[in-house]
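S.K.: Sharing a model prediction with you, sequence too.
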Amino acid sequence: MVRLLVVTTLILTPFECTAQSARAHEIALRGRVIDAETKEPLTLSGIVVNNVQTIADTDGRFELRLPRQKSLVNEVHVRLAVMRIGYQPLRQDLSLRADSTVDLGTLKLQRSPVQVFVDPVNSVRHR
């Protein structure tokens with residue numbers, strides 16, 4: 001009986017170690033999006049990380065959870081994009097630790113230059 005237990009343990013140990021090493025990881029990201037000049041929160045800013053997206057609340061705050069990934073490494077490389085109409089997009093490549101919550105702090109978006117196009121063919125005429 002003891003011999004069977006020892007043999008079973010020796011056979012199953014490598015599989016158990018592999019299963020623990022390749023476990024699923026989750027990463028949570030949080031932060032706040034503001035206007036770089038006025039420091040006002042940018043409500044409804046879009047935040048995208050590796051095709052997972054969310055929007056900022058009325059105070060410009062957001063939290064995004066990346067789905068669990070099976071990986072043998074403890075570091076995950078992701079691409080962050082923050083966007084809002086009228087602002088230049090912010091893009092960053094990040095290296096994050098698996099099973100962590102990362103506070104990205106305050107993300108500042110710059111206003112886009114305003115461009116007005118007038119279409120003389122379709123403009124409204126007053127008589």
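M.R.: Good, I have the coordinates.
S.K.: Where does the prediction get shaky in this structure?
M.R.: Along the chain, segments meeting pLDDT under 70 span 1-25, 69-73, 115-127.
S.K.: Tell me the helix or strand right after the lengthiest strand in it.
M.R.: In the chain, with assignment by DSSP state E, the single longest strand is strand 24-35. Elements were assigned by DSSP states H and E; along the chain past strand 24-35, the next helix or strand is strand 46-49.
S.K.: who touches that next one?
M.R.: 29, 31, 33, 53-56, 62, 64, 66, 78-84 (Cβ atoms under 8 Å, 6 or more residues apart in numbering). All C-beta spots, glycine's among them, are computed from the backbone N, C-alpha and C.
S.K.: can you tell me which residues contact Ser100?
M.R.: Ser100 touches Ile27, Ala28, counting by Cβ under 8 Å, 6+ apart.
S.K.: what about it, distance to Ile27?
M.R.: Ser100 sits 6 Å away from Ile27, going by Cβ to Cβ, to the nearest Å.
S.K.: Can you turn the buried part of the contacts of strand 46-49 into a ChimeraX selection?
M.R.: With 16 or more other Cβ atoms under 10 Å as the criterion, this ChimeraX line picks the buried residues out of the contacts of strand 46-49:
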select :29,31,33,56,62,64,66,78,80,82,83,84
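S.K.: So which of the contacts of strand 46-49 sit within strands?
M.R.: Members of the contacts of strand 46-49 lying in strands (criterion: DSSP E): 29, 31, 33, 53-55, 62, 64, 66, 78-83.
S.K.: Just give me the closest of these to Asp93.
M.R.: Nearest to Asp93 among the ones in strands among the contacts of strand 46-49 is Arg79, at 5.6 Å by Cβ to Cβ.
S.K.: The closest residue in space to that closest one that isn't next to it in sequence: what's it in contact with?
M.R.: In this structure, Arg79 finds its nearest non-sequential neighbour in Asp93, 5.6 Å apart by Cβ to Cβ, 6 or more residues apart in numbering. Applying Cβ under 8 Å, 6+ apart to Asp93 gives the contacts His77, Val78, Arg79, Leu80.
S.K.: isn't there a strand covering Asp93?
M.R.: Yes - Asp93 forms part of a strand when assessed by DSSP: H, G, I helix; E, B strand; the rest coil.
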